[in-house]
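In: Build the 3D model from these lines:
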Amino acid sequence: MIQEVISSIKSLDSVAMDKCQVRLDNLTKPLGCLHALEHLARQLAGITRNPRPRDLKKSILVLAADHGVAAENISVYPQEVTVKMIHQIAGGGAAINTFAEHVAADLLLIDMGIATDLPSLLALRNEKIAFGTSNINQGPAMSRDQAIKAIEAGIKIAAEEIKKGVTAIGLGEVGIANTTSGTAIVATYSQIPVSTLTGRGIGITDTMFNKKIKVIENAITMNCPNPSDPIDVLSKLGGFEIAGLVGVILGGAAGGAALILDGLVTSAAALIAVKLAPQVKDYLVGSHISPEPAHKVALDLINLPAHLHLNMSLGEGTGAALGMSVLKASLHVLNDMKTFGDAEVAVAQDGPGALKQDKNIKE
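Out: Residues are numbered from 1 along each chain as shown. Sure thing, here's the model as predicted:
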């Protein structure tokens, strides 16, 4: 299934992007002065295959799983907090519920590998691979077959969302200790020392921080992940929610949806997805830069910009929701500003603008 999906990912529609660019260049502003918003509008034109996309049907997928490495006591919160956060989101009282409402996005909560059964939560979709991963400080996180099964589950979820008409998928996650797995994945593809890549999560102590570094270093040394085999890296160091996110990214790109990242964990998943299918990169949208050092490195490895600097480190898809608000702004620029011709404003008389702006271009 995975290779079939990868082979179905299309290049962006260059004709739609070029038509979009002509309009952007002829809006009543200096050429390129809205920079990222213009780039995003052009990207959305290519993804949607429409020179002037006017709206996006949005969905935020929050994938949850537990990590065996939490047993190393390298997080402020115990593993049981994963379950508590799931109950909070399912009950509508978490930050991501508020953020999803803010951007008018549907919210889907998925159990990829929580370490307990939660049969009473109707708002929780069950795609559980196992009751949490194994401890990467003692061996591989999961088997290769489990990693593939989780990726395929993510592909299926994305396909179902796209069938509903969703054109923008926000990525979110919940799982105590998942920044440890995310950092280990990024470190495998980076020449930067683990000690530099590792962050403090939600305020761990110096002792826990130093132990976290050693755990990540040991996990990489002991498990010997093969960078040329992304599924090997994923199975040895990842989490079930990370593997599921890889599938969502692959399936979302195959279905022609924009994929908006959140923090480190979703970006580690995106890094794996891009290693599996480089063409996926064109469908990715960075949202914010978190305080986790490995987050920016992951985005740099993908060559993907992020647009917000808010010092956020919550996860849950909160950054993805804010990224959706930036996308909405880009579409307002594209569709609601007047052209020089419509506004009867003089175009640039010299410089780059004079070459691209034409008063005859109107609505």
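In: CA only for contacts and neighbour counts going forward, please
Out: Will do.
In: which residues in the stretch 251-363 of the chain form helices?
Out: Ranges of helices in the stretch 251-363 of the chain, per DSSP state H, counting those that start in this stretch, are 264-276, 293-302, 318-336, 340-343, 352-356.
In: Just say which of those helices is most tucked in.
Out: Highest mean neighbour count among these (mean count of other CA atoms under 10 Å): helix 264-276, with a mean of 27.
In: Now do stretch 309-329, average pLDDT.
Out: For stretch 309-329, mean pLDDT is 96.
In: Likewise for stretch 31-46?
Out: 96.
In: Pull the distance from it to the chain's centre.
Out: Remark: stretch 31-46 is offset 19 Å from the chain centroid, using CA atoms, centre = their mean, to the nearest Å.
In: Can you list the neighbours in contact with it?
Out: For stretch 31-46, the surrounding residues in contact (CA atoms under 8 Å, 6 or more residues apart in numbering) are 12-18, 20-21, 24-25, 51-53, 258, 282-283, 307, 326-327, 329-331, 333-334, 352-353.
In: can you check stretch 71-85 too?
Out: Contact partners of stretch 71-85, identified using CA under 8 Å, 6+ apart, comprise 64-67, 70, 94, 114, 116, 135, 174-177, 201-204, 208-209, 211-212.
In: Quick check: ChimeraX command selecting the buried ones in these.
Out: In ChimeraX syntax, the buried subset of the contacts of stretch 71-85 is picked out as below (16 or more other CA atoms under 10 Å):
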select :64,65,66,67,70,114,116,135,174,175,176,177,201,204,208,209,212
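In: In strands, which of the contacts of stretch 71-85 fall?
Out: Among the contacts of stretch 71-85, the members falling in strands (DSSP state E) are 64, 65, 174.
In: isn't there a helix covering residue 170?
Out: No. Using DSSP: H, G, I helix; E, B strand; the rest coil, the assignment for residue 170 is strand, not a helix.
In: List the beta-bridge partners for it.
Out: residue 60, residue 260 (DSSP bridges).
In: Please name the nearest non-neighbouring residue to residue 139.
Out: In space, and not counting its chain neighbours, residue 139 is closest to residue 223: 6.2 Å by CA to CA, 6 or more residues apart in numbering.
In: Any figure for the gap between that neighbour and residue 140?
Out: 6 Å (CA to CA, to the nearest Å).
In: overlap in contacts of these two?
Out: Counting by CA under 8 Å, 6+ apart, the contacts common to residue 223 and residue 140 are 236, 237.
In: ok so, going back, and which of the ones in strands among the contacts of stretch 71-85 is nearest residue 98?
Out: Residue 98 lies nearest to residue 174 out of the ones in strands among the contacts of stretch 71-85, by CA to CA, at 16.1 Å.
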